[in-house]
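J.: How does the following fold in three dimensions:
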Amino acid sequence: MSKGFRFDVLAKAGYVARGVVFLLIAGLALFSGVAGGRPETKSALSTLLAQPFGRIWVGMIGLGLLGFVAWRLAQSLADSDGHGRDGKALVIRAALFGSAVTYLGLAGYALGHAIFLGGGSEGSGERGLAGWIMSQPFGSYLAIAVGAGLVIGGIVTVVKGITRKFERYVKIPDSKGIVTLICVYGLVARGAVFAITGIFFAYAGFRVDPQQAGSMGDALEWVRQLPFGSFLYIAVAAGLAAFGIYNLVEARYRVISGPSLAAAKRSIPLAGS
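T.: Below you'll find the model as predicted:
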């Protein structure tokens, strides 16, 4: 019981940390949309780092993101949400594992800048992650796989928002209220941006060039170049803020199942076969 409670707190702290990061990114994106600048993903943490007690706040976010990574690993490897083992479930769990890898990189960035003064702040996290992956054996293929996972995760997120499937795990008291609409809006916007980012990442793998891996800032810039791009840009940036709020809602209302219990449930059929 005690272990389950501690894991519950760990997972919810992760949702809070991710929510704060997305609210910061959205704020920078909306400001740059008005001022004409170009947002970068890591600018959110760098901006917070420059504030009073910034290293403490960024360090807390980094620790929270490690909690989120642990929760994503529980969802993907231990199947804490009970998706199962069929083809669709394995795709969802693979996307969750890709999310764990992504946030592990961001957590490392946050903690590195909180502990060691901020060098190496240039460049996007996606490019740094792509460079590390491509330095491994079969790295370009792995980069393509991670990019495909981000694309699939983005599509799944859009569908989850439109169909309101998130309500299976997020028990919002007023299911027809404004909070639910904000959650739907945030999920659709986040899914669209992450799918575009995943395409950039997979393309970097095809080209064997980490510099082709774009950040969320690159994805937003691509949106701005579409017809009616300025309006779409602001709508998507506001959607990222809505996604940040959605994460705070998850921290309050998300149903969290401990990985040990899920693993036990999964092992029972195997033992009897």
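J.: Flag the shaky bits of the stretch 51-200 of the chain, pLDDT-wise.
T.: For the stretch 51-200 of the chain, the stretches with pLDDT under 70 are 117-139.
J.: mind listing what's buried in the longest helix along the chain?
T.: Longest among the helix segments of the chain by residue count, using DSSP state H, is helix 2-35. When neighbours are counted by 16 or more other C-beta atoms under 10 Å, the buried residues of helix 2-35 are found to be 7-8, 10-30, 32-33. (C-beta placed from N, C-alpha, C; glycine too.)
J.: repeat for stretch 47-58
T.: By neighbour count on 16+ other C-beta under 10 Å, the buried set for stretch 47-58 is L48, L49, G54, R55, W57, V58.
J.: Averaged pLDDT, the following helix or strand past the longest helix of the chain. What do you get?
T.: Counting by DSSP states H and E, the element after helix 2-35 in chain order, helix or strand, is helix 43-49. Across helix 43-49, the average pLDDT comes to 72.
J.: Which other helices and strands does the longest helix of the chain contact?
T.: If you count contacts as 3 or more C-beta pairs under 8 Å, 6 or more residues apart in numbering; DSSP states H and E, helix 2-35 packs onto helix 43-49, helix 54-77, helix 216-224, helix 229-253, helix 259-272.
J.: Tabulate these (JSON lines), appending distance to R93.
T.: Compiled in JSON lines, the helices and strands packed on helix 2-35 are given as follows (distance: least, C-beta to C-beta, whole Å):
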{"stretch": "helix 43-49", "distance to R93": "28"}
{"stretch": "helix 54-77", "distance to R93": "5"}
{"stretch": "helix 216-224", "distance to R93": "23"}
{"stretch": "helix 229-253", "distance to R93": "18"}
{"stretch": "helix 259-272", "distance to R93": "12"}
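J.: now the longest helix of the chain: how far from the chain's centre is it?
T.: 9 Å (C-alpha atoms, centre = their mean, to the nearest Å).
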